[in-house]
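Engineer: sequence first, then the predicted structure:
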Amino acid sequence: MQKKILFLILLTFSSFLLISQEVKDTINIPEEQQLYEKSLKQLDSLQYDKAEALLIEAVKKNKKYVPALMKLGYIYLKKNNLKMSEKYFKTALKYDISQWEALKYLGKIYYENKKYTESKKLLDSAYHYESQDPELLFYKAQLMVAGKAYKEALQPLNEALDILPNYIEALILRAEISYHIKQFNECIKSITDAIDKMPADKKEYSAYKLRAKAYFEIDQFKKSINDFNIYMEANPQDEEALILRASAKINTSDFISAITDLDEAIKINPNNPVSYNYRGAAKGGLNKFKEALEDLDYAIKLKFDYASAYINRAAVKYAIKDRRGACKDLEKADALGDQMAYRLIQDYCKGMQ
């Protein structure tokens, strides 16, 4: 019995010592660090506002507490408050110049503000400290693309993907580069790879638009339309997408649906000659020649040197047996340097005075 009582006393005393040690440890941890550690738990739960409040308190306790300054910069960057993000990252660097992630994110902020020279300096400085960070490599490639140095951008981008093969934004940017240098099949491959890796609840709609444009360039019009359909679930008022989808539909002889798209595009921007040109072509496909000529005349009124509109108007005129008028339009398109117009003149206008 006495042994049992002694054991309980020892157990209680041990527990007291542990609790005392925990209290002592907590007392020894600076308040700003305690607040910072609490904020990390909030960040893990994506509770950015609560984490922000805790970090601001931490900085009030110690204005030189770099971990809190860095996290505040990151939170404001996530919230797209670039001004506040810049403030905290700069303050962090003031107290610790070796914070390469602050340099990286400041480079990103300057890129977003189109301050490309400053962005390059910051990203190069960050790269000096850490050359294997995939996000930094992505930002460097992104900056090169902004400067239209497409082929040069492939090197850091491929390095980023070697380190992080599932880097969706990098795959999309590589596809964008491929599109710009007219490697459309490579573009489609990269986009498809990115789409396959996307979480089901986080669809990147811009990827579908880019792939739709690439499919259009290689004359895969039905696939192009399918991707535009997905993209426009989230972006129904994108004028460019409406026009390009309409053009793909014209190429599949779906003239009625093409006209519907172009009507919407014209509502968004009534002064774009491309919409009237394509709508005129679609109406011509439906043998609505009078309406087609009205649209094509207006397209040329908006853009007098619009070779494609002259060719489409020539096609309508030829269909209504106005061969002389058709050939005059083809001559205008030829004078504007359109190679198709020259070939059509050889086929249809020989012998005309």
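Structural biologist: Thanks, I have the structure now.

Engineer: show me which residues of the host helix or strand of Arg324 are buried.
Structural biologist: Assigned by DSSP states H and E, Arg324 falls within helix 323-335. For helix 323-335, the neighbour count (16 or more other C-beta atoms under 10 Å) marks Gly325, Ala326, Cys327, Lys328, Asp329, Leu330, Glu331, Lys332, Ala333, Asp334 as buried. For glycine as for every other residue, the C-beta is placed from the backbone atoms N, C-alpha and C.

Engineer: most widely separated two among the residues you listed?
Structural biologist: Using C-beta to C-beta, the pair of those lying farthest apart is Gly325 and Asp334, separated by 15.0 Å.

Engineer: okay, now Tyr139: neighbour count?
Structural biologist: By the criterion of other C-beta atoms under 10 Å, Tyr139 has 23 neighbours.

Engineer: so for whichever strand or helix holds it, what's the average pLDDT?
Structural biologist: Tyr139 is part of helix 134-146 when elements are defined by DSSP H and E. The average pLDDT for helix 134-146 rounds to 97.

Engineer: flag every buried residue along it.
Structural biologist: Pro134, Glu135, Leu136, Leu137, Phe138, Tyr139, Lys140, Ala141, Gln142, Leu143, Met144, Val145.

Engineer: what of stretch 206-223?
Structural biologist: 207-216, 220-221, 223.

Engineer: could I have the CA atoms of it written out in CSV?
Structural biologist: The C-alpha trace of stretch 206-223 is given here as CSV (Å, rounded to 0.1, in the frame of the first residue of the first chain):
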residue,chain,number,x,y,z
SER,A,206,-7.2,30.2,-70.0
ALA,A,207,-5.4,26.9,-70.9
TYR,A,208,-8.4,25.8,-72.9
LYS,A,209,-8.4,29.1,-74.8
LEU,A,210,-4.8,28.7,-75.7
ARG,A,211,-5.3,25.1,-76.9
ALA,A,212,-8.3,26.2,-78.9
LYS,A,213,-6.2,28.8,-80.7
ALA,A,214,-3.5,26.2,-81.4
TYR,A,215,-6.1,23.7,-82.8
PHE,A,216,-7.4,26.5,-85.0
GLU,A,217,-4.0,27.1,-86.4
ILE,A,218,-3.6,23.5,-87.5
ASP,A,219,-7.2,23.4,-89.0
GLN,A,220,-8.6,21.1,-86.3
PHE,A,221,-11.7,23.2,-86.1
LYS,A,222,-14.0,20.9,-84.2
LYS,A,223,-11.5,20.4,-81.4
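
Engineer: where do the strands sit along the stretch 201-350 of the chain?
Structural biologist: For the stretch 201-350 of the chain, applying DSSP state E, counting those that start in this stretch gives no strands.

Engineer: figure out how far the helix or strand where Ala160 lies is from the centre of its chain.
Structural biologist: According to DSSP H and E, Ala160 maps onto helix 150-163. Computed by C-alpha atoms, centre = their mean, to the nearest Å, the chain-centroid distance of helix 150-163 equals 17 Å.

Engineer: report the mean per-residue pLDDT for that helix.
Structural biologist: Here the average pLDDT along helix 150-163 is 96.

Engineer: which residues sit against it?
Structural biologist: With contact meaning C-beta atoms under 8 Å, 6 or more residues apart in numbering, helix 150-163 is reached by 132, 134-135, 137-138, 140-142, 144-145, 167, 170-171, 173-174, 177, 180-181.

Engineer: list the contacts of Val59.
Structural biologist: Counting by C-beta under 8 Å, 6+ apart, Val59 touches Glu32, Tyr65, Ala68, Leu69, Leu72.

Engineer: tell me which residues of the helix or strand harbouring Asp196 are tucked away?
Structural biologist: Following DSSP H and E, the helix or strand that holds Asp196 is helix 184-197. Across helix 184-197, burial judged by 16+ other C-beta under 10 Å covers Phe184, Glu186, Cys187, Ile188, Lys189, Ser190, Ile191, Asp193, Ala194, Ile195.

Engineer: take those residues and write them to CSV, including distance to Ile163.
Structural biologist: Below are these laid out as CSV (distance: C-beta to C-beta, whole Å):
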residue, distance to Ile163
Phe184, 27
Glu186, 21
Cys187, 22
Ile188, 24
Lys189, 20
Ser190, 17
Ile191, 21
Asp193, 16
Ala194, 16
Ile195, 21
